[in-house]
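show me how the following folds:
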Amino acid sequence: RDPRPCCCLDAHTTLSSLADFNYGADEYDAEGNEEPKALPEGSETMPYIDESPTMSPQLSARGQESGDGVSPTPTDGLSTGGERDAGKGLEMRKLVLSGFLASEEIYINQLEALLLPMKPLKATATTSQPVLTLQQIETIFYKIQDIYEIHKEFYDSLCPKVQQWDSNITMGHLFQKLASQLGVYKAFVDNYKIALETAEKCSQSNYQFQKISEELKVKGPKDSKESHTSVTMEALLYKPIDRVTRSTLVLHDLLKHTPADHPDYPLLQDALRISQNFLSSINEDIDPRRTAVTTPKGETRQLVKDGFLVELSEGSRKLRHVFLFTDVLLCAKLKKTAVGKHQQYDCKWYVPLADLVFPSPEESEHCPQVHVIPDHELEDMKMKISAIKSEVQKEKANKGQSRAIERLKKKMFENEFWLLLNSPAIPFRIHNRNGKSYLFLLSSDYERSEWREAIQKLQKKDLQAFVLSSVELQVLTGSCFKLRTVHNIPVTSNKDDDESPGLYGFLHVIVHSAKGFKQSANLYCTLEVDSFGYFVSKAKTRVFRDTTEPQWNEEFEIELEGSQSLRILCYEKCYDKTKLNKDNNEIVDKIMGKGQIQLDPQAVQTKNWHMDVIEMNGIKVEFSMKFTSRDMSLKRTPSKKQTGVFGVKISVVTKRERSKVPYIVRQCIEEVEKRGIEEVGIYRISGVATDIQALKAVFDANNKDILVMLSDMDINAIAGTLKLYFRELPEPLLTDRLYPAFMEGIALSDPAAKENCMMHLLRSLPDPNLITFLFLLEHLKRVAEKEPINKMSLHNLATVFGPTLLRPSEGESKGHLTLASDIWSHDVMAQVQVLLYYLQHPPISFTELKRNTLYFSTDV
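Numbers count the residues shown, from 1 in each chain. Down below sits the predicted model:
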């Protein structure tokens, strides 16, 4: 029954998970095995909600579905489906309020329980055998009576309004009044530490008080089966601090679902402003106390950072929750616990920071090699997850059964969990001077450097080596549960529907320049975005040699899959051969600075470039960006001009050139085969957009310098130009007319029928399209033969080129562009499969195809 302190929330905190599905980290153990989820009758439904700060109080899936008695959260009036947003917002308001009211009732009961022993204690204080002195009572219960009265009055005023609900009801003034009384909380917070210390001392010196403070009885909610729960005084004294945070979150929610023209809107805005200012002023005060665990020597040990990392342990990947304290790094996993019992962590290992070193790349050569999962397996899994997401959307749109939706969500969680476990490949090695080494795998160098920097900063202090006794270790591990700041495994299934799903589409970023370097260096930047819940590196500028003011001016197109943040890392390139390690994923270049910005959908979604600066470590990086949503980027726009090659029909170009395969296709393929076939990630890694545009202009103008320019150009830009050519064709290479038939053909399960259909479809293509397709097919097969070096399998290539060669043009796809991310996953999977079918097929020759006309049925 420990208190579960909340994360300190700053003024900008939004709700991180409105309705925590039953598969947050709390119900999943670290190996990915499921925990039993059902709660026994009468288990603490609302206190569970009330004590978890990362959840909003109103919609606990756990409370509503288990059928346990839950305080008033009337859902009967909740309308569904296609009503207007404003109405829906007001319905949500009712839900938010009734949920808040329920937790307010619990809070009042908790304050009552705290006040209960105060009167008898005061009565004994003046007798010959006092339990506590009046001064001690005053200190421990300071301001609790006032806080109780404020909230009782608030509850009594709000309750009838929610029970006799009417969309015109106003209650903003109640929240405004509550916010204006936060001064009482300020006094409480200032006294909180002394109150705790006094209670602790009195407990140690007085057995009677110890008995009282260990088991205070809190009344259950009115309609709960449970009459009382026992809670410690320490836990109850934390409640007011937790409550301010909770009220602020609820104000966020209420505002979100209150129309701007509603009379409550300005009042709620005012209340939120006051609460946020108050929160940010007290956060600094609370934070150290929130995380302090006292070491046996009486020093305070604070939690500095925690989070989920993948550890490579005995050859297999395990999800761990890692805790960095002021003097020790502790690696834990969630223990399996019986239903209804408090979750606990199990310590796997710990390293005192005084003994912790980061092995250099040469020292880490003896460390286990990282088994990297092939890209195509990860891509497959992403496709599966996207497909399940769209099924969930469909079920919801069709008002499907909640059980079916839960089943899909559970499946999605399992797949996302697999992805989270298997995609990281950047090694983060930790070594204990006294022998053992440990290896974590991260997907982002940004995160790796955050961990490294946090540890190195602590190591600057004078640290002592030590060994924890088993009891000390137990106490420390026991504290992890209530101290942790990261509550849920970072997968999108832990997000609620109301939360921003992130951006789907293409982000164009130009990295302009950087300044603020003290001395000349060889500098480059990388860009990371989050997709599927974790960050990955998506683009990299060229190295600008020997400068303090690099001018890259490079443009990148980055595909976003539910992304919410962009990170920029600035590196100094390492050319020292001795440090370059054999392990591909080992990044030995030095991070000079790093920074992150939120991708705000409103700000980013404009047609124009938006210029920005990220400041990091005294370095300023200038960049611009603009975003194209997926449905916009799916458009093929025919070229108005009939000269040039981009956006012009392939038949027009081949006729004009008197060639069978367009010149641009032949030249780009020839150049890639000459010097790019062993390039890691060829066709997957973006070329610099400005280079691609330059090549496009040269091909369109049929400039005589094409060959010279091609031989000088970065190979990824040439690969990008070829992809752009196919993407900008006014209709796809495999044609709009045949698209539905390709989709049906690939879905056939009988191999003979599929072969017959797929070959017949090729034969039905116009000659320029067919010859060009076969030419490209043979090239891609040659690229895949070098997979051990270039890491591009047939499947990877099919993923890159499938949509480019098959995606229908605007007129064709208009009918089915519903939800961009939804339609995307289904169609894309099929497009990839079509191309993969031909890539895996034995060589197909144009003459053979034409000769075998007789064997094929005639209808497409």
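
from E447, how far out is the residue nearest to the spatial centre of the chain?
Taking Cα atoms, centre = their mean, the centroid of the chain lies closest to G533, which sits 2.8 Å from it. Counting by Cβ to Cβ, to the nearest Å, the separation of G533 from E447 is 13 Å. For glycine as for every other residue, the C-beta is placed from the backbone atoms N, C-alpha and C.

touching both of the two, which residues are there?
Residues touching both G533 and E447 by Cβ atoms under 8 Å, 6 or more residues apart in numbering: none at all.

which stretches of the stretch 401-550 of the chain have low pLDDT?
Regions of the stretch 401-550 of the chain meeting the criterion pLDDT under 70 cover residues 493-500.

run through the helices of it in chain order.
402-422, 445-459, 470-483 (DSSP state H, counting those that start in this stretch).

distance to Q551 and mean neighbour count for those helices - can I get that in TSV?
Formatted as TSV, the helices of the stretch 401-550 of the chain follow (distance: least, Cβ to Cβ, whole Å; neighbours: other Cβ atoms under 10 Å):
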stretch	distance to Q551	mean neighbour count
helix 402-422	38	18
helix 445-459	24	17
helix 470-483	46	17
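
can you say which of those helices is nearest to Y725?
Shortest distance between Y725 and those, using Cβ to Cβ, is found for helix 402-422: 32.3 Å.

could you dump that closest one to PDB, C-alpha only?
Taking C-alpha atoms only, helix 402-422 is exported to PDB below (Å, rounded to 0.1, in the frame of the first residue of the first chain):
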ATOM      1  CA  SER A 402     -16.000  -4.400 -27.800                       C
ATOM      2  CA  ARG A 403     -14.800  -7.900 -27.400                       C
ATOM      3  CA  ALA A 404     -13.700  -8.100 -31.000                       C
ATOM      4  CA  ILE A 405     -12.000  -4.700 -30.700                       C
ATOM      5  CA  GLU A 406     -10.200  -5.800 -27.500                       C
ATOM      6  CA  ARG A 407      -9.100  -9.000 -29.200                       C
ATOM      7  CA  LEU A 408      -7.600  -6.900 -32.100                       C
ATOM      8  CA  LYS A 409      -6.000  -4.500 -29.700                       C
ATOM      9  CA  LYS A 410      -4.400  -7.400 -27.800                       C
ATOM     10  CA  LYS A 411      -3.100  -8.800 -31.100                       C
ATOM     11  CA  MET A 412      -1.800  -5.400 -32.000                       C
ATOM     12  CA  PHE A 413      -0.100  -5.000 -28.600                       C
ATOM     13  CA  GLU A 414       1.600  -8.400 -29.000                       C
ATOM     14  CA  ASN A 415       2.900  -7.400 -32.500                       C
ATOM     15  CA  GLU A 416       4.100  -4.000 -31.300                       C
ATOM     16  CA  PHE A 417       5.800  -5.600 -28.300                       C
ATOM     17  CA  TRP A 418       7.600  -7.900 -30.700                       C
ATOM     18  CA  LEU A 419       8.700  -4.900 -32.800                       C
ATOM     19  CA  LEU A 420       9.800  -3.000 -29.700                       C
ATOM     20  CA  LEU A 421      11.900  -6.000 -28.600                       C
ATOM     21  CA  ASN A 422      13.400  -6.900 -32.000                       C
END
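
so what secondary structure elements neighbour that helix?
If you count contacts as 3 or more Cβ pairs under 8 Å, 6 or more residues apart in numbering; DSSP states H and E, helix 402-422 packs onto strand 300-313, strand 316-325, helix 375-397.

okay, now the unreliable bits of the stretch 751-860 of the chain?
By pLDDT under 70, the weakly predicted segments of the stretch 751-860 of the chain are 810-825, 853-860.

show me the helices in it, by range?
751-763, 767-785, 787-790, 794-806, 810-813, 820-840, 846-851.

out of those helices, deepest packed?
Stretch with highest mean neighbour count among the helices of the stretch 751-860 of the chain: helix 794-806 (a mean of 23; mean count of other Cβ atoms under 10 Å).

contacts for that helix next, please.
With Cβ under 8 Å, 6+ apart, helix 794-806 has contacts from 375-376, 379-380, 683-684, 723, 726-727, 732-734, 739, 742, 773, 776, 780-781, 783-784, 827-828, 831-836, 839-840.

repeat for stretch 764-772
Contacts of stretch 764-772 (Cβ under 8 Å, 6+ apart): 650-651, 653-655, 660-662, 665, 733-735, 738, 762-763, 773, 846, 849, 860.

export the helices and strands packed on helix 402-422 to CSV and tack on mean neighbour count?
Formatted as CSV, the helices and strands packed on helix 402-422 follow (neighbours: other Cβ atoms under 10 Å):
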stretch, mean neighbour count
strand 300-313, 18
strand 316-325, 21
helix 375-397, 18
